[in-house]
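> structure of the sequence below:
(one chain, ligands or ions: 1)
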Amino acid sequence: MHVIRLATQNFRNLEDGELFPCKGVNVIYGGNAQGKTNLLESLWLFTGGHSFRGAKDAELPKLDVQKGTNTSKASLALDFHSEERDQSAVLNFENGRRNSVINGVKKKTGSALIGKVCAVIFSPEHLLLIKEGPARRRGFLDGALCQMKPGYAGLLSVYNRSLLQRNALLKDISRYPELEDTLSVWDLRLAKLGAEVMRERGKYLERLAPKVHGVYAGISKNHEEIQISYSPSVKNYVENLSLPDAEQAFLEELARTRNTDLRSGFTNSGPHRDDFEIMLDGFSARVYGSQGQQRSTVLALKLAEAELLSDFTGETPIVLLDDVMSELDQSRQDYLMNHLHGRQVFLTCCSPETVELLKTGMRFRVEAGKVFPENME
Ligand SMILES: Nc1ncnc2c1ncn2[C@@H]1O[C@H](COP(=O)(O)OP(=O)(O)OP(=O)(O)O)[C@@H](O)[C@H]1O
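Numbering: from 1, shown residues only. Modelled structure (predicted):
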């Protein structure tokens, strides 16, 4: 898919106006605090998701400087090509709520847009994916699976609910020991749901690994090799285990950790404690990776996620790269500017020297919220 036109009205610090990007790489550059990220955010919101910066919808309309509060309304419009036809979407923010219009049809919610516009986003915050603990990496896996498999979000939420119920029971047992007899019922339920979650995550990572490997080889010009692998919390879960065997493996783990669970009042093992390993030339990227290597790693994960999503849906997601260039050497910057073929990319940067690396595409200068398209020499 690709964006044909974006129009913003009363959105953040952006001056009302429209933008006509190219189908390839669009570089958005300018000094700090000019509105580059705001522009990427406006595109991202068409995926139906929340702001990737954690902003509330009420914070998106332009600030009323006199009053020091946000105005009540903002509107975004997008013309895009997807599913082999030109389409349009409008996203309205009014008093902290959203509604949308898709191809002229009014919808009560903004989430009606989910699945219409697909995008992947890299922002500096995504570096936490590698720098922080397993929860971020589970979040990455689950987010990707939710986009690809509509049933996955439901499965995960039922698993999490069952986990809460088992944990509540573990706490109750300390006061009413006779309740322990009912624990096996929850073990069975958790094992059944957890086995499905583990299999989905395992299969996803298996498909993602060669793509991450390919993208990373391109970014690093084959200087380093990346490997990713599933690291399930259930120790005897191995790749490609059948569903009944995965269930059995989880049940055995729950039996093994039962006494610890009873003492601690929560479930110590299961998909809620999963992780995946990222190794560069055989060493942990989190522990030993340089800033540039860690940035390249997260980028490879994000771009591979986009490739897998396009294999699955037949639509190539747009790629939004916010402030990705710092800490990357010129050869890595060149890869992002000139070698991401076959997809529409929006990339922000501050330095005019970086912009000069772009060989074909479009560039836009952002100054105090105004966007100026520039001719390529
Ligand atoms: N609702 C709003 N109304 C008006 N201005 C806003 C609103 N929300 C944020 N801003 C301002 O918009 C400006 C641009 O923010 P943005 O994050 O897009 O900067 P940027 O160009 O990406 O800068 P940097 O390179 O520093 O990341 C900031 O000064 C910010 O305070």
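
> who's in contact with the residue of the stretch 51-200 of the chain found nearest the ligand?
Residue of the stretch 51-200 of the chain nearest the ligand, by CB to the nearest ligand atom: Leu63 (3.6 Å). To be clear about C-beta, it is placed using only N, CA and C from the backbone, and glycine gets the same treatment. Contacts for Leu63 (CB atoms under 8 Å, 6 or more residues apart in numbering) come out as 13, 69-71.

> between which two of those is the distance greatest?
Greatest spatial distance among those (CB to CB): Asn13 and Thr69, at 15.0 Å.

> mind listing the strands for the stretch 201-350 of the chain?
In the stretch 201-350 of the chain, the strands defined using DSSP state E, counting those that start in this stretch lie at 226-231, 275-280, 283-284, 318-321, 345-349.

> in the stretch 151-300 of the chain, what residue comes closest to the ligand?
Relative to the ligand, the nearest point of the stretch 151-300 of the chain is Arg295 (15.5 Å; CB to the nearest ligand atom).

> pLDDT value on that residue, please?
The score at Arg295 is 95. That number is its pLDDT.

> residues contacting it?
Neighbouring residues of Arg295 by CB under 8 Å, 6+ apart: 127, 324, 327-328.

> of these, which ones also sit close to the ligand?
Among the contacts of Arg295, no residue is within reach of the ligand (CB under 6 Å from any ligand atom).

> quick one, what contacts Met148?
204, 308-309, 312-313.

> before we move on, the earlier item: for the contacts of Arg295, which one is nearest Ala77?
Once CB to CB is applied, the member of the contacts of Arg295 that ends up nearest Ala77 is Val324, at 26.6 Å.

> can you tell me the closest non-neighbouring residue to the closest one?
Phe122 (5.7 Å; CB to CB, 6 or more residues apart in numbering).

> ditto for Glu327
Gln291 is the one closest to Glu327 (CB to CB, 6+ apart), at 4.6 Å.

> same question, Cys22
Using CB to CB, 6+ apart and skipping the chain neighbours, the partner closest in space to Cys22 is Met362 (4.3 Å).

> right, and the one you found touches Val27 too?
Yes - the criterion here is CB atoms under 8 Å, and Met362 meets it with Val27 at 7.3 Å.

> compare those two (neighbour count), which wins?
When Met362 is set against Val27 and neighbours are counted by other CB atoms under 10 Å, the residue ahead is Val27, at 26 against 20.

> element containing the more buried one, please.
strand 25-29 (DSSP states H and E).

> quickly check: that strand near the ligand or not.
No - for strand 25-29, no contact with the ligand is found by CB under 6 Å from any ligand atom; the gap never falls below 8.4 Å.

> hey, what's the angle from that strand to strand 345-349? Just curious.
Orientation of strand 25-29 against strand 345-349 (axes from the mean of the first three to the mean of the last three CA atoms, to 10 degrees) gives an angle of 20 degrees.

> report the buried residues of strand 25-29.
Residues 25-29 are the ones in strand 25-29 that count as buried (16 or more other CB atoms under 10 Å).

> and that strand, what does it pack onto?
Applying 3 or more CB pairs under 8 Å, 6 or more residues apart in numbering; DSSP states H and E, we find strand 25-29 packed against helix 36-44, helix 330-338, strand 345-349, helix 352-355, strand 362-367.

> who's in contact with the third one?
Going back to what we said before, that points to strand 345-349. For strand 345-349, using CB under 8 Å, 6+ apart, the contacting residues are 21, 24-29, 36-37, 39-40, 43, 318-325, 336-337, 355, 361.

> repeat that for the first one.
By CB under 8 Å, 6+ apart, the surrounding residues in contact with helix 36-44 are 3, 6, 8, 11-14, 19, 28-30, 51-53, 55, 76, 78, 119, 121, 123, 318, 320, 322-323, 346, 348, 364, 366, 369, 371.
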